[in-house]
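1. No sequence on hand, only this structure:
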């Protein structure tokens, strides 16, 4: 499951491996993806405007962009 606090790319990679193993494709992958979301991630998904996701690729890109930007980045010393 994904709650919005860890690496979104890693989550997508893990889900893709599982769904590809089960030979699932297309819209069903998008429907199953939402079942892996918890807390802040589910809130993000529920608040997407209707018809704002046009494909599985679009969902992955929007998800990754949103949660990469919202994750706290570690501070580096100059």
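-> Perfect, thanks for sending it. The structure displayed is predicted, hence computed values, not measured ones.
2. In the protein, what residue spans correspond to helices?
-> 8-21, 27-34, 39-46, 56-70 (DSSP state H).
3. For those helices, give me TSV that also has mean neighbour count.
-> Where C-beta positions appear, they are placed from N, C-alpha and C, glycine not excepted. TSV is the format used below for these (neighbours: other Cβ atoms under 10 Å):
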stretch	mean neighbour count
helix 8-21	14
helix 27-34	14
helix 39-46	15
helix 56-70	15
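4. Dump those helices into CSV; add distance to residue 1 and mean pLDDT as well.
-> What follows is those, written out as CSV (distance: least, Cβ to Cβ, whole Å; pLDDT from 0 to 100):
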stretch, distance to residue 1, mean pLDDT
helix 8-21, 9, 93
helix 27-34, 11, 89
helix 39-46, 8, 95
helix 56-70, 13, 91
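5. Please name the residues that touch the residue nearest in space to the middle of the chain.
-> Geometric centre of the chain, nearest residue: residue 63, 4.2 Å, by Cα atoms, centre = their mean. Residues near residue 63 by Cβ atoms under 8 Å, 6 or more residues apart in numbering: 8, 12, 44.
6. cool, and residue 62?
-> Residues in contact with residue 62, defined by Cβ under 8 Å, 6+ apart, are 48, 52-53.
7. quick one on the thing from earlier: a markdown table for the helices of the chain, including distance to residue 2?
-> Shown next, in a markdown table, are those (distance: least, Cβ to Cβ, whole Å):
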| stretch | distance to residue 2 |
| --- | --- |
| helix 8-21 | 4 |
| helix 27-34 | 9 |
| helix 39-46 | 5 |
| helix 56-70 | 8 |
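8. that older thread, so which of the contacts of residue 62 is the most crowded?
-> Across the contacts of residue 62, neighbour numbers were computed from other Cβ atoms under 10 Å; residue 53 holds the maximum, 18 neighbours.
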